[in-house]
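**Student:** one predicted model, sequence on top.
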Amino acid sequence: MRRRYHLHPPGLLYLVLVVLVGLAAANRPSNLLVWVFAAMLAGVLLSGILSGQPLMSIRAERSVPRTGRVDEPIVVRYTLANGSRVWPLFSLFVRELSPVRGSRAFAQHVGPRERVVAEAAYWPERRGPLRFGSFRVETVFPFGLVMKSIRFDGDSECLVLPRIERLRPGALAALAGGTVPGPSTSVRSGAGSDFLGIREYRPGDSLRHVAWRRSATTGALAVIERSVDAPPRIRVALDLRRPTASLRVDPAVRGARDLEEDAIVLVASILAQAQRDGFETRLCVLGLPSPAMPVRRGHWHLQKELAVLAALDLDAPRDGDAALPDDRDRATTFVVHVDRADLRVGGQDAVHVGAGQLRSLAAAAGGPA
Amino acid sequence: MNASLGFRRMAIALVLLSVASFAASERSAWTLVVGGVLALAATSVTDGPRRRSLPPWMLRLGVVAAIAWGTWGFVSRPSADEAPRIVGNVVLGVLLLKLWDRKSPSDWRQVIALSIVLVVAAALLSVDFLVGVLVIAYAMAIVPATMLYHLYAGAERAAEDRRAAAVRAGALAPMEAPHGAQPARHLRRMAVAGVVIGIALSSVVFLLFPRDSALGAGQGGGRRSGFRSDIALWGTGRISLSSRVAMTVRLRDPRGTPGQLMLPLRMRGSVLETYVPGAGQWRGDPSRAGDRSYQTDGSDSFVWFAPEAREERSNVWTQEVEMRSLASEHVFSAWLPLGVSCEEMRTFTIDPRTAELTETASGIVGRPRSYVIRMQAYPSPRIAKAVAGGLPPAEVGFPVPEVRAIAERVVAASPDAEIPGAEEIAADPQQRWIRNRRLASLFADWLSGPQFRYSTDLAEFRRRGGEDPVVLFLERYRFGHCEHFASALVALCRSMGVEARVVTGYMATEYDGVTDRYVFRESGAHAWAEVRTGEWQWGTFDPSPMEELLAIQRANRTWMDSFRWILDPIEFAWNSSFASFDSRAQAELSDRVSTGARGAGAWLAEQGKSIVDAANRWFRLGSAGALWLGLVGVTIAIAVVAAVVVSRRMRRAADELGARGSGVASLAALGRDAAFYLDALDALARAGLAKPPGRTPGMHVDAVRRANPEAGAAFAEVVERFYALRYGGERGTREGRAAAAALVARLRAALGRGYTSSPRAAGP
């Protein structure tokens, strides 16, 4: 393993000064000047000894979160381990060599045999996989004359989820025009309020659920079963069947690719809003390969749906004949189109939304949800 | 650890040290007081609770004014000697202005850079002890200061990075600075190590720095202060009149009674006979042909420069010299030296033609602290000839023809001088010496006249075309210091065919009646002329206006001079060992080191042999005893190496294999059987895949496999084998160890084929 030394402007200036003092010392009979020159020269050597050598004993590991979100900080942690038994390390910067917008991680002190976690915040500007390549630990400590660095190779990836805009309250209901169904009951037993049936008592059943009259009649304990409340369902389809080049857009207003991204953001925002409103959701992507998603509710389901949106590769070939699967879920279907609505998608009851409506649906000047 | 606060304190200390060193080099208490007060006031105001600072336009205006002032100063006094002073003053001004500014890390960096330049300017100006101490203190302080600066600036930069990268303010928590005593302790340790290593490295560079000339005290730096063994008339800087005591001298009459003889008393140091026209330089004889060397034996006894001198009893005076701050290779004597005595074994060399005495290579680093000289004020021709050795007198004639016309004009203007002519000299050879004496007196009187002015400020003494400085002094400027007066007298005499030479040395105007000693101060460094007034006699002629000279010296005394004796021994050591460390001292030091190394080697061999002999006698091993002892020694060495290897392996087994607390035997067995696992970890660490302490071997297999699948597979087998040994109750066998070694070799081969996720150095 080798270090790398970088001469930067302050060090260069210092070297020029050392050379000048050296010339003066050679031409002027002053031992004090000679000593000053010697001390300045020693400073250069000392700079390498005091931090260059201990830097060789450093080990660094990078810890990247699995997901991030556009315009939200991704905190990447670097574990710096000083393997030296004697020398501490000071003022260490960790810099990503791949072009990622963000700050450098900084560790002011790593003692001998110590591990310190330094964190850097990166701000992804687009969805999709964010790849981290090699990174470099560098320092100009102790004198700032020469920057010493050591490079670590390794690939890490963070999936950047699309941005989510907070939609106006009641936006979904307004879009659906009253077609959004209310809660229904299911045939599964659970902690709902509707009667499902009576069955014999099992150890562990609560005494509250005992059907006393039926038990008195039959002479055996029986309990009342209730059905689970089934939340309303929404199916959100993203229509990406048309290739980007075939979209009818006015480039002066908004580019085709930007509009596609807006459509993705709108889908993500609808899904997030629906989850917040208590809906079960299902994402369907038309035109691009994507995994089939079930109808579910909850944070992890939303994360999965956002991950599907994040992983969409808009440069991949489109399937123009893709169609929505049959609606066996009895859910309200929202179809998000990029440029113009295709009313054949989703049947008669489907709600068609354009990517251009993102701004109007979003809460006023609201930040990401 | 509050790096910001610590750095600010250190930075102010650095600024004060740089201001103090520059003030000391300038010998200006005013600079020290004003600079120090302004620096402290700036700190308390700008770092105070209200953080007030000067408006930027005012600072810019001040900086421009300081630079303009410096440029104007240099243009009005274009001199290499003045340049460091001007640069230093400008930098001091800018530095003080900068302190009144609001300071970011880059501003602080500029402050430190300016203070470095100020210290360099101080070192250019002076090599005085006080300046040296301050410069060294500065160099020691700058090590922790820059360390603290980079902690402070790094934290600021990181915070700024974080702020700049944030899309939205407040989205990220601010950074946490490390706290607690440990970082501060580590920083202190590193600073101490830095200072120690830095001083060691700088000492090595200092000792090895090529030097080709002899240095004396007062020669370092731009200020001309104290004795100099040569003369440069074009030196246009201001001469500093330091009242530091250079040496003290006690004179004993032929009966041995100390006492005051006369004032002023001149002490000859260097005799300069060769003039370089145009350059305006007087030099001694570089060939030193005919020099004779004598070595003192470290006792009170004298070494004599001629057999006749030993026998001489008439009018022989004794001069006891004690150096105070001056360390010089030149040996000073008031009159013709006959013999010398020194308490150290020193080598003294006399130039018989000029009677100039020097102390030459004697194997001792540093200059003699004291010596005693026997001398004669008016030596008889016999003694003078014996000491001078019959060498021809100095050259006659002066290489600047214009001086002859001036001399003739002066002689023509004094018809009463009664200068013997050529006919009278031809008739009576003694008339030659009378002519020499009368001409020298005539010229000295003319130079001491009101038309010439004594001045130590030579700023206006500028070059004019190709004119010689002696001619300029005589014809145009008519002001200068002792070197100009002495040079002019010698030039006038030589142009008229009179043998004359310039002498530099010291002049005492003070006598301490309590200690019966003449006190020679640095300001007493002087130059005068010697004119040949007989076959073997040289008369002293001093054309410098004595009244003005004495008045200037009296005006320069301060009350602090009474306490200078406290620092004298330290200053002498500084001047003797540091300021005058020249090529000769380098050679002597080199000789001593090599001699010492040889001596140490010989001593070690001797001690080893005596130990072997003693052991041989003790064990009665006979003639082959040395062989037996050698075998025993080799065996012991092997045993020690083996013990170290085994103990290290045991310690590592205890630490890394989680067997801490096991018995010694089991640890040794585990260290032996599981050595292959440790070797594998070493190979991985070298390849940048070191196993972190908290990670299990199995988890590390996964990490290695991700980076290098082939190496991961090999390491998996190593770990499997290790688990079987460590936890599976398997016993290590020779075959098992061989198989494990093969696994490690496979791992190394896989690692050698490359890996993808390991730290490696970035190639250019």
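**Tutor:** Okay, I see it. This one's a predicted model, so the numbers in the text were calculated from it and none came from an experiment. Numbers count the residues shown, from 1 in each chain, chains lettered A, B, ... in the order given.
**Student:** mind listing what the residue sitting nearest the centre point of chain A touches?
**Tutor:** In chain A, the residue lying closest to the centroid (CA atoms, centre = their mean) is A:G68, at 1.0 Å. Counting by CB atoms under 8 Å, 6 or more residues apart in numbering or on different chains, A:G68 touches A:74, A:122, A:124, A:130, A:158-161. Every C-beta, even on glycine, is put in place using the N, C-alpha and C of the backbone.
**Student:** could I get those residues as a markdown table with distance to A:R101 and neighbour count?
**Tutor:** Putting the contacts of A:G68 into a markdown table (distance: CB to CB, whole Å; neighbours: other CB atoms under 10 Å in any protein chain shown) gives the following:
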| residue | distance to A:R101 | neighbour count |
| --- | --- | --- |
| A:I74 | 10 | 20 |
| A:Y122 | 6 | 21 |
| A:P124 | 8 | 24 |
| A:L130 | 10 | 22 |
| A:C158 | 13 | 19 |
| A:L159 | 17 | 19 |
| A:V160 | 12 | 23 |
| A:L161 | 17 | 24 |
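**Student:** among those residues, which ones lie close to chain B?
**Tutor:** Filtering the contacts of A:G68 for proximity to chain B (criterion: CB under 8 Å from any CB of the partner chain) leaves A:Y122.
**Student:** redo the contacts of A:G68 as CSV? Include pLDDT.
**Tutor:** Output for those, formatted as CSV (pLDDT from 0 to 100):
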residue, pLDDT
A:I74, 89
A:Y122, 87
A:P124, 87
A:L130, 90
A:C158, 92
A:L159, 93
A:V160, 94
A:L161, 95
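**Student:** out of the contacts of A:G68, which one sits closest to A:P10?
**Tutor:** A:Y122 (27.7 Å; CB to CB).
**Student:** that closest one contacts A:E72, correct?
**Tutor:** No. Taking contacts as CB atoms under 8 Å, A:Y122 lies outside contact range of A:E72: 10.1 Å.
**Student:** show me the beta-bridge partners of B:E356.
**Tutor:** On DSSP bridges, the residues paired with B:E356 through beta bridges are B:D351.
**Student:** pull the number of nearby residues for it.
**Tutor:** Other residues near B:E356 come to 26 when the count uses other CB atoms under 10 Å in any protein chain shown.
**Student:** who touches the nearest residue to B:A675 once chain neighbours are set aside in this structure?
**Tutor:** Residue nearest to B:A675 in three dimensions, not counting chain neighbours: B:R649, with 6.6 Å by CB to CB, 6 or more residues apart in numbering or on different chains. Taking CB under 8 Å, 6+ apart as the contact definition, B:R649 lies against B:668, B:671-672, B:675, B:678.
**Student:** mind doing that once more with 10 Å?
**Tutor:** B:667-668, B:670-672, B:674-675, B:678 (CB atoms under 10 Å, 6 or more residues apart in numbering or on different chains).
**Student:** most neighbours, which of those?
**Tutor:** B:A674 leads the contacts of B:R649 on contacts (other CB under 10 Å) with 24 neighbours.
**Student:** report pLDDT for residue 85.
**Tutor:** Using chain A. Per-residue confidence (pLDDT) for A:R85: 84.
**Student:** let's do chain B instead
**Tutor:** 89.
**Student:** and the strand or helix carrying B:S21, what's buried?
**Tutor:** Following DSSP states H and E, one finds B:S21 within helix B:3-26. Residues of helix B:3-26 classed as buried by neighbour count (16 or more other CB atoms under 10 Å in any protein chain shown): B:3-4, B:6-8, B:10-26.
**Student:** what of stretch B:292-302?
**Tutor:** For stretch B:292-302, by 16+ other CB under 10 Å, it's B:294, B:296, B:302.
**Student:** name the residues that touch it?
**Tutor:** With CB under 10 Å, 6+ apart as the criterion, stretch B:292-302 contacts B:303-306, B:309-310, B:318, B:338-352, B:357-362, B:368, B:371-374, B:387, B:389.
**Student:** which of the residues you listed fall within helices?
**Tutor:** B:309-310, B:387 (DSSP state H).
**Student:** any idea which of those is the one closest to chain A?
**Tutor:** Distance to chain A, by CB to the nearest CB, is smallest for B:V387 among the ones in helices among the contacts of stretch B:292-302, at 31.4 Å.
**Student:** got the contact list for the closest one?
**Tutor:** B:V387 touches B:292, B:304-306, B:308-309, B:312, B:336-339, B:350, B:352, B:355, B:376, B:379, B:536, counting by CB under 10 Å, 6+ apart.
**Student:** how far away is the nearest residue to A:Y201 once chain neighbours are set aside from B:R109?
**Tutor:** Distances taken as CB to CB, 6+ apart place A:L221 nearest to A:Y201, at 3.5 Å, with adjacent residues excluded. Counting by CB to CB, to the nearest Å, the gap from A:L221 to B:R109 is 85 Å.
**Student:** toward the C-terminus, what is the element adjacent to the strand or helix carrying B:L59?
**Tutor:** Using DSSP H and E, B:L59 sits within helix B:56-76. Heading C-terminal from helix B:56-76, the first helix or strand you meet, by DSSP H and E, is helix B:83-99.
**Student:** host element of the nearest residue to B:P697 once chain neighbours are set aside?
**Tutor:** Using CB to CB, 6+ apart and skipping residues adjacent in sequence, the residue nearest B:P697 is B:V719, 4.4 Å away. Assigned by DSSP H and E, B:V719 belongs to helix B:709-726.
**Student:** not counting sequence-adjacent ones, nearest residue to B:A668?
**Tutor:** Going by CB to CB, 6+ apart, B:A668 has B:M650 as its nearest residue, at 5.8 Å.
**Student:** contacting residues around that neighbour?
**Tutor:** Contacts of B:M650 (CB under 10 Å, 6+ apart): B:659, B:662, B:664, B:666-672.
**Student:** with B:Q451 instead?
**Tutor:** B:Q451 neighbours (CB under 10 Å, 6+ apart): B:R478.
**Student:** before we move on, what about B:W282?
**Tutor:** Residues in contact with B:W282 (CB under 10 Å, 6+ apart) are B:229-233, B:270-276, B:483, B:486-487, B:490, B:501-502, B:504, B:527.
**Student:** give the helix, strand or coil label for it.
**Tutor:** Three-state assignment for B:W282 (DSSP: H, G, I helix; E, B strand; the rest coil): strand.
**Student:** any stretches of chain A with poor pLDDT?
**Tutor:** In the predicted model, chain A carries pLDDT under 70 at residues A:1-3, A:178-185, A:327-329, A:364-369.
**Student:** what does chain B give?
**Tutor:** B:1, B:167-179, B:212-226, B:235-241, B:361-365, B:389-395, B:556-561, B:753-764.
**Student:** quick revisit: tell me the helix or strand right after the strand or helix carrying the residue nearest to the centre of chain A.
**Tutor:** Taking DSSP H and E as the criterion, A:G68 maps to strand A:67-69. For strand A:67-69, the succeeding helix or strand toward the C-terminus, using DSSP H and E, is strand A:74-82.
**Student:** pairing partners for that following strand, with directions?
**Tutor:** strand A:58-63 (antiparallel), strand A:115-122 (antiparallel).
**Student:** does the residue nearest to the centre of chain A have beta-bridge partners, and which?
**Tutor:** In beta-bridge terms (that is, DSSP bridges), A:G68 pairs with A:V160.
**Student:** ok, it to chain B distance?
**Tutor:** 12 Å (CB to the nearest CB, to the nearest Å).
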